[in-house]
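sequence-free structure coming up:
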């Protein structure tokens, strides 16, 4: 069974448009918070990954909106590991309003692994220790 990290975020005024609705690009920020929280829960904090000379960079993002989140709402970001490839990993997200039990958005990101010690910044195979952590989280 895949590990799902759930992280609650209170919507701040700065994240909304003039109508008090969360601006669409902020959902990508919520997804990033969910992803870094999941990695931390799996035992691979992102800052440690970078300190070892690796980065996971977003190369694809998909997002589907279902209902608006508004200023003052608390939203829950549920994140899980998706498909793991040689040099990339997918994460899946569900953003819900826990108080209303309503799904607000769902999405996925594909992240490429980079070896920061190399100058060309092309995708590199996932390090074995990172792959093992991701596979354990994927169930």
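All right, it came through fine. Note that the coordinates shown come from a computational prediction; the quantities given were computed from them, not determined experimentally.

please count neighbours and contacts with C-alpha atoms only from this point.
Noted.

residues touching the most centrally placed residue in the chain, list them.
By C-alpha atoms, centre = their mean, the chain has its centre lying nearest to residue 35, at 2.9 Å. Contact partners of residue 35, counting by C-alpha atoms under 8 Å, 6 or more residues apart in numbering, are 79, 80, 91.

roughly how far does the residue lying closest to residue 121 once chain neighbours are set aside sit from residue 127?
Closest residue in space to residue 121, ignoring its immediate chain neighbours: residue 114 at 6.0 Å, by C-alpha to C-alpha, 6 or more residues apart in numbering. Distance from residue 114 to residue 127, counting by C-alpha to C-alpha, to the nearest Å: 10 Å.

so for those two, which residue has more residues nearby?
Remark: of residue 114 and residue 127, residue 114 carries more neighbours, 23 against 15, as counted by other C-alpha atoms under 10 Å.

tell me which residues in the host helix or strand of the more buried one are buried?
Using DSSP states H and E, the element containing residue 114 is strand 102-115. Residues of strand 102-115 classed as buried by neighbour count (16 or more other C-alpha atoms under 10 Å): 103-115.
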